[in-house]
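Enquirer: Provided below for reference: sequence and predicted model.
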Amino acid sequence: MNNIYLPNLVTIEDIYEEAPDVRSFRLVFKDPKLRDTFEFKTGQFGLYSAFGLGESTFCIASSPTRKGYIQCTFRKSGRVTGGLAQLSIGDTMGFRGPYGNHFPVDEWKGKNIVFIAGGIGLPPVRSVIWNVLDRREDFGNITIVYGAKTVADLVYKEELKHWEERGDVNLVQAVDPGGQTPDWKGSVGFVPTVLKEAAPKAENSVAVTCGPPIMIKFVLNTLLELGFEEGSVYTTLENRMKCGVGKCGRCNVGDVYVCKEGPVYTAAEIKRMYNDF
Ligand SMILES: Cc1cc2nc3c(=O)[nH]c(=O)nc-3n(C[C@H](O)[C@H](O)[C@H](O)COP(=O)(O)OP(=O)(O)OC[C@H]3O[C@@H](n4cnc5c(N)ncnc54)[C@H](O)[C@@H]3O)c2cc1C
Ligand code: FES
């Protein structure tokens, strides 16, 4: 019988330094068959292992439209991420997945899409952004509102430049008050405030948001004020996980197993799960 906890071996093909203590790995399966056939949907996550140290849960930050590799972006925050941060190009690590549900991108055809992310919340949103941009003709207006504490903390700086230069994306970048550099040309303010100023139209639109819980809470309020419906606003939860496959009970909220039924939820579903959200 297959051991569901046995990771697949992946090689680190490239490493990108994104921000202080935040880096991305471009990963390729060692098994050539798996490299060719591996599929996932945008919003799904994986368990990434540093041998001898354990596993960490990260979203798959690349888009399923880009085949042959997966990308993850992580912040060095503890034991496993600290071990992963010491690996170099060419090293081997483990990956199991994909797990969880996904963003229903196919249901959004013809709609405007607003992405709102804060700090290290951009990686899961990046997967959806590229998925949508790789099928640009299927969607209406695309707005990206992204903020971080300081200019240095913005991740995917090269891609932000690319999205800014594209004529078919409206990118609003922001840093918290005090986080700007003398040459900063973006907005200064917290993400929910900057979103309110950008005021994307709610009609025929969906919104996708990820960031620190406090940001998500205020972003949801702002979106509702702007006229978005709770069923058209999506987010992804980062509850602590261990098995990733509905066995250990580590990730649950009430009787909901976030690793199986989530991590992607609409604002309406989140409000039902957390009475005080
Ligand atoms: C579905 C999902 C997707 C995720 N995607 C990403 C991602 O793309 N990039 C990324 O950097 N992180 C992501 N996370 C969070 C990530 O799993 C943890 O930060 C990481 O596992 C910490 O591992 P560690 O062993 O280094 O830290 P530990 O030694 O276990 O903990 C270090 C510190 O991080 C805190 N921490 C641990 N897990 C979490 C968590 N789930 N949420 C908030 N704080 C936590 C601990 O309380 C502690 O303060 C995701 C989590 C989930 C559940
Ligand atoms: S992480 Fe083990 S049940 Fe969800």
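Expert: Sure thing, it's come through. Numbering: from 1, shown residues only. Ligands and ions are numbered 1, 2, ... in the order given.
Enquirer: quick one: contacts for Ser56?
Expert: If you count contacts by Cβ atoms under 8 Å, 6 or more residues apart in numbering, Ser56 has them with Leu47, Tyr48, Ser49, Ala50, Phe74, Val80, Thr81, Leu84. Quick note: C-beta positions are derived from backbone N, CA and C, even for glycine.
Enquirer: wait, doesn't Asn239 sit right on Tyr265?
Expert: No: look at Asn239 against Tyr265 with Cβ atoms under 8 Å: they stay out of range, at 11.0 Å.
Enquirer: the two: which is more packed in?
Expert: Tyr265 (21 against 15; other Cβ atoms under 10 Å).
Enquirer: from the contact counts, what lies against the helix or strand bottoming out on mean pLDDT in the chain?
Expert: Ranking every helix and strand in the chain by mean pLDDT, DSSP states H and E puts strand 252-253 at the bottom, with a mean of 89. Contact here means 3 or more Cβ pairs under 8 Å, 6 or more residues apart in numbering; DSSP states H and E; on that basis strand 252-253 packs against no helix or strand.
Enquirer: can it be said to contact ligand 2?
Expert: No: on the criterion Cβ under 6 Å from any ligand atom, strand 252-253 is out of touch with ligand 2, staying 6.6 Å away.
Enquirer: following element in sequence after that strand, please.
Expert: Downstream of strand 252-253, the next assigned helix or strand under DSSP states H and E is strand 256-257.
Enquirer: wait, what's in contact with the residue of the chain found nearest ligand 1?
Expert: In the chain, the residue that lies nearest ligand 1 is Gly78 (2.1 Å; Cβ to the nearest ligand atom). Residues counted as contacts of Gly78 (Cβ under 8 Å, 6+ apart): none.
Enquirer: fine by me, we can end here.
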